[in-house]
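Visitor: Next come a sequence and a model predicted from it.
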Amino acid sequence: VQLVESGGGLVQAGGSLRLSCAVSGFSLESDTVVIGWFRQAPGKEREGVSCINSRDHNTYYSPSALGRFTIFSDDAANTVYLQGSRLKPEDTAVYYCVAGTPEDGLGYLRVYEYDYWGRGIQVTVAS
């Protein structure tokens, strides 16, 4: 399984950014897998952002992400996206794509539910 993030970079506060996670080793069209996003800011603990189930496309968001981030997938392209809007400086972090097969169907951003992690990509929101 390989997860490769792209789309990070520098964005002004209030702006938008779309992260991509190219998935290999799972088929989003035929496998049931949960793909999610975590982030880690300097000096802070890793924090879950959002996740999506590849079969039913159910999603879950952390309270800090709800309303500003949207997770969606292009199953044919085997890619999951995280769209962020109205970004704040506190959204600055390394964002990680994760994958797992939690029994409850989403994992609800519990770190131990996701066996596979990408290398991460930096997002910096300038004030």
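Guide: That came through fine.
Visitor: didn't Val34 look like it was pressed against Tyr108?
Guide: No. The pair Val34 / Tyr108 is not scored as a contact, 9.5 Å apart, by C-beta atoms under 8 Å. The way it works is simple: take the backbone N, C-alpha and C, and place the C-beta from them, glycine included.
Visitor: list the residues that contact both of those two?
Guide: Taking C-beta atoms under 8 Å, 6 or more residues apart in numbering as the contact rule, Val34 and Tyr108 both touch Cys51, Pro102.
Visitor: So if I had to pick from these two, which one is more boxed in?
Guide: Val34 (27 against 14; other C-beta atoms under 10 Å).
Visitor: separation between that one and Asp91?
Guide: 22 Å (C-beta to C-beta, to the nearest Å).
Visitor: Over to Arg55?
Guide: For Arg55, the distance to Asp91 - C-beta to C-beta - is 29 Å.
Visitor: so how far is Glu103 from the closest residue to Ser24 other than its chain neighbours?
Guide: Nearest residue to Ser24, sequence neighbours excluded (C-beta to C-beta, 6 or more residues apart in numbering): Gln2, at 4.5 Å. Distance, Gln2 to Glu103, using C-beta to C-beta: 24 Å.
Visitor: okay, these two: which has more neighbours?
Guide: Neighbour count, other C-beta under 10 Å: between Gln2 and Glu103, Gln2 has more, with 12 against 6.
Visitor: Nearest the geometric middle of the protein, what residue?
Guide: Trp37 (2.2 Å; C-alpha atoms, centre = their mean).
Visitor: List phi and psi for that residue.
Guide: phi -130, psi 130 (degrees, to the nearest 10).
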